[in-house]
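Peer 1: I would like the atomic coordinates for the input below:
(chains A and B)
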Amino acid sequence: MSGSTTKNKSSFIQILQSMVSNQIFIPIAALLLLALFNLIVDPSFYSITLKESNDGFSTLQGNLISILDFGSELAILAIGMTFVTSASGGQDISVGATIAIAGSAILRILCGDNPRPSELQAPIFVAVIVGCIVAMLFGAFNGVLVSFFNIQPMVATLILFTAGRSIASWINNGQLPDVSFEPSFGYWGTYIPGVPIPTPFFIAVVCFIVTGLILKFTTLGLYSQSVGINESSAKLNGLNPKMIKLVTFVILGLCVGICGFIKVSRLSQINYSVIAKDIEMDAILAVALGGNALGGGKFNMTASILGAYVIQFLTTTLYKYGVSADALPAYKAVVVILLVVFSAPTVRDGLSNFWKKNFGKKAVKEVG
Amino acid sequence: MAKEVTNAPVEKKKKVGMTDSNLLLVITVGVFFAMYLGAIVFEGEGFLKPQSFMNMLNANAALIITACGLSLVMITGGIDISVGGVVALVSMTCAMCLDEWGGNIFISILIALGIGLAFGIVQGLLVAYLDIQPFIVSLAGMFFARGMTTIVNTKPFNVANKDFVALKDYRIYIPGLGSYNNAKPPKFIEAYISIGVVVAIAVVILMFVILKWTRFGRNFYAVGGNRQSALMLGINVKRTRFFSHLICGLLAGIGGYVYFLYKGSGSATNAAGMEMDAIAASIIGGTLLTGGVGNIIGTFFGVLSLSTIKDIVTSAGLDDPWWTGITTAGMLCLFLVIQSIIMIYKKKQD
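Peer 2: Presented below is the predicted three-dimensional model:
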């Protein structure tokens, strides 16, 4: 074996190692794995067709487009969830229920007291702003419980997790309002006439840009990470950990509000027990798949967002192979457990030792 | 009456120097009696009948059992939100076993225990030995159990197995306790309890004895109170945490069967929100989320308090389906905040 190839080989291993140690590697590897699986089993998974819809405009249809579509709302949630996870070291499990509340509030503003109005009772943007504010208030409620009363995030959010859908149906007196008579409301969750790409994707892109700007030009990212890594030393450094935790929950509330708007806009109506069902699992999974520590601290927003799309990829793949929507959580739970097991410190150390023992020696031998 | 009760613990604490556990227990028992008295006074005589109290026990036997397991996990400093899912999975699998797969009662009980144990062992291993956050593990457990329930069977159905129906309808009459009905002449009807209540009371007594008087039981408190010092005392922390999850899983399995006996049906929507009820009952019963403090008797009264307030809400005319969820959440929220304030206050005192 000549010297140059060994050198190449070792530098190749180095590149590989630096790639593997990069956080973004985890979601990309998962994505490639899923993509490869679909390519081998059934390449028609990737077919995209241009279909003409009822109103004469053509839109793109296909599995990839639906991943882009439904993954976007998940990605918006993942942004907020990443902040919360980073600062408070716990997750918000009430996001699905709060989406129901926000959606219900939006429809209540649009319809007024009559669930079947002949015209909108308020402009759409007013309803959306009210929905977002309602969701942010509920986020602040969670945040106050977590930061000022020192309750573990998941227990604090458990309150809304079960009560949220009840509150949502209470907002509309248990009725199911319908605004499908107003097509412009539906544009936000489906397609804007003439644009073949689903609108939620554009909303998500705006959210990504805003988040990117916030992370670039404010200290929110740094602060929430330092609170998550060590709360008392962050306090000694002059930060206010309680306020920062509260702010992250309010940001998640805003994300939930936007997501609720997209959700109700998709169907122009609401079903309290079904809307955004089990989405909290997906959002947490997105954060975990992004390689972020679920115990708080450092985070990588790009990885989280990518993680959200990978989760949607997984969901779409499972749907394609005939898994019913009710049974989906069982499969995802297995994925979550595998992810957390492999990211657990004890397992990681064991694996890296194993790697060193078996592959480290070989490299030495070859060089020798 | 209510005023006396709420004042009592504060005074006692100053005089005797009560432990956290006793203080919270007194609050819980006081709250329960105050609420039950309030219900009798404001909602009428219905609450005074022995049978209505027994019905409360009959309906909540499963919740008492699962909440006991959950309290144990919370005393050890963990949490388990998969219990509701496990109960649903057990009831669905047992229903299928009895009606579709040709099993008998004995096999179905074994299945229930097996499912509970399996969840307990897997979650315990992940939490104790791999040191993964109990919340993440049990959240995954909950979704797994709910998903599996629909994989086992999607359609809800009532079980028609004869032996099972006989067991389900078996009533244990309590001699001497009962009330006269409205018939003329009034006939004395003895109050009855179901088999589930007997199991639940046995579980409560057993757990109470274990936690109070055995080294095995007191280890849970030590680990929950301070893991580091428990380790230094020579307690096997990992094994203790593992056993807390194992027992919780087992009790969720037993609770699942008792729930199944009460409902007599398999359905994917069974035990919806039960994890929330169980956690709320434990917290109302004085179990601290931070671990190390808790009492099984308190949990028992926590379940009864929760059930009383639900009854009050329903009989007060707020019978829209959303009110029960909102009240439970409100109760949980209230007690969480009270606990948190007590702890902050205590910290300042120290």
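Peer 1: contacts, neighbours, all on C-alpha from now
Peer 2: Fine.
Peer 1: care to break chain A down by domain?
Peer 2: As recorded under automatic domain parsing, the domains making up chain A are A:63-322, A:330-368.
Peer 1: show me what the helix or strand where A:Ile167 lies packs onto, helices and strands only.
Peer 2: In this structure, A:Ile167 sits in helix A:153-171 according to DSSP states H and E. Applying 3 or more Cα pairs under 8 Å, 6 or more residues apart in numbering or on different chains; DSSP states H and E, one finds that helix A:153-171 contacts helix A:95-111, helix A:124-147, helix B:274-284, helix B:322-349.
Peer 1: give me the buried positions along the second one.
Peer 2: What that stands for is helix A:124-147. A:124, A:127-147 (16 or more other Cα atoms under 10 Å in any protein chain shown).
Peer 1: distance of the residue most central in space within chain B from B:Met96?
Peer 2: By Cα atoms, centre = their mean, the mean C-alpha position of chain B lies nearest to B:Ala67, the distance being 2.4 Å. Using Cα to Cα, to the nearest Å, B:Ala67 is found at 26 Å from B:Met96.
Peer 1: what of B:Ala191?
Peer 2: With Cα to Cα as the criterion, B:Ala191 and B:Met96 are 32 Å apart.
Peer 1: near chain A, which residues of chain B show up?
Peer 2: When proximity is defined by Cα under 8 Å from any Cα of the partner chain, chain B lies next to chain A at B:126, B:130-133, B:135, B:137, B:140-141, B:143-151, B:273, B:276, B:289, B:321-323, B:325-326, B:328-330, B:332-333, B:336-337, B:340-341.
Peer 1: now do 6 Å
Peer 2: The interface of chain B toward chain A, taken as Cα under 6 Å from any Cα of the partner chain, is made up of B:Ala140, B:Phe143, B:Phe144, B:Gly147, B:Met148, B:Thr150, B:Ile151, B:Trp322, B:Gly325, B:Ile326, B:Ala329, B:Ser340.
Peer 1: with neighbour count and pLDDT added, can I get the residues you listed in a markdown table?
Peer 2: Shown next, in a markdown table, are the residues of chain B next to chain A (neighbours: other Cα atoms under 10 Å in any protein chain shown; pLDDT from 0 to 100):
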| residue | neighbour count | pLDDT |
| --- | --- | --- |
| B:Ala140 | 26 | 88 |
| B:Phe143 | 26 | 88 |
| B:Phe144 | 23 | 91 |
| B:Gly147 | 24 | 88 |
| B:Met148 | 25 | 88 |
| B:Thr150 | 23 | 87 |
| B:Ile151 | 17 | 86 |
| B:Trp322 | 19 | 74 |
| B:Gly325 | 21 | 77 |
| B:Ile326 | 20 | 81 |
| B:Ala329 | 22 | 82 |
| B:Ser340 | 20 | 81 |
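Peer 1: B:Leu24: which of those is nearest?
Peer 2: Set against B:Leu24, the nearest of the residues of chain B next to chain A by Cα to Cα is B:Ser340 (12.1 Å).
Peer 1: that older thread, now the helix holding A:Ile167: how far from the chain's centre is it?
Peer 2: 19 Å (Cα atoms, centre = their mean, to the nearest Å).
Peer 1: tell me the mean pLDDT over it?
Peer 2: Helix A:153-171 shows a mean pLDDT of 85.
Peer 1: got it, and stretch B:35-47?
Peer 2: Mean predicted lDDT for stretch B:35-47 stands at 74.
Peer 1: how about stretch A:198-214?
Peer 2: Here the average pLDDT along stretch A:198-214 is 91.
Peer 1: okay, now residue 97: neighbour count?
Peer 2: Since you didn't name a chain, this refers to chain A. Using other Cα atoms under 10 Å in any protein chain shown, A:Ala97 has 31 other residues around it.
Peer 1: can you look at chain B instead?
Peer 2: Neighbours of B:Cys97 using other Cα under 10 Å come to 18.
Peer 1: and what of B:Val209?
Peer 2: Neighbour tally, B:Val209, other Cα under 10 Å: 13.
Peer 1: phi first, then psi, for it.
Peer 2: Dihedral pair for B:Val209: phi -60, psi -50, per degrees, to the nearest 10.
Peer 1: tell me how far it lies from B:Met54.
Peer 2: Taken as Cα to Cα, the span from B:Val209 to B:Met54 is 24 Å.
Peer 1: also B:Gly103?
Peer 2: B:Gly103 is 31 Å from B:Met54, by Cα to Cα.
Peer 1: please apply the same query to B:Phe335.
Peer 2: With Cα to Cα as the criterion, B:Phe335 and B:Met54 are 26 Å apart.
Peer 1: likewise B:Asp131?
Peer 2: B:Asp131 is 42 Å from B:Met54, by Cα to Cα.
Peer 1: what does B:Ala160 give?
Peer 2: 26 Å.
Peer 1: can you check A:Leu252 too?
Peer 2: In terms of Cα to Cα, A:Leu252 sits 45 Å off from B:Met54.
Peer 1: of these two, who's got more company?
Peer 2: Set side by side, A:Leu252 and B:Met54 show more neighbours around A:Leu252, with 29 against 16, by other Cα under 10 Å.
Peer 1: so B:Gly325 touches A:Phe161, yeah?
Peer 2: No. Contact criterion Cα atoms under 6 Å: B:Gly325 and A:Phe161 do not qualify, at 10.1 Å.
Peer 1: could you find the closest non-adjacent residue to the residue nearest to the centre of chain B?
Peer 2: B:Ala278 (4.6 Å; Cα to Cα, 6 or more residues apart in numbering or on different chains).
Peer 1: contact partners of stretch B:139-158?
Peer 2: Stretch B:139-158 is contacted by residues A:326-327, A:329-330, A:333, B:82, B:85-86, B:89, B:265-268 when judged by Cα atoms under 6 Å, 6 or more residues apart in numbering or on different chains.
Peer 1: just the buried ones among those, please.
Peer 2: A:326-327, A:329-330, A:333, B:82, B:85-86, B:89, B:265-268.
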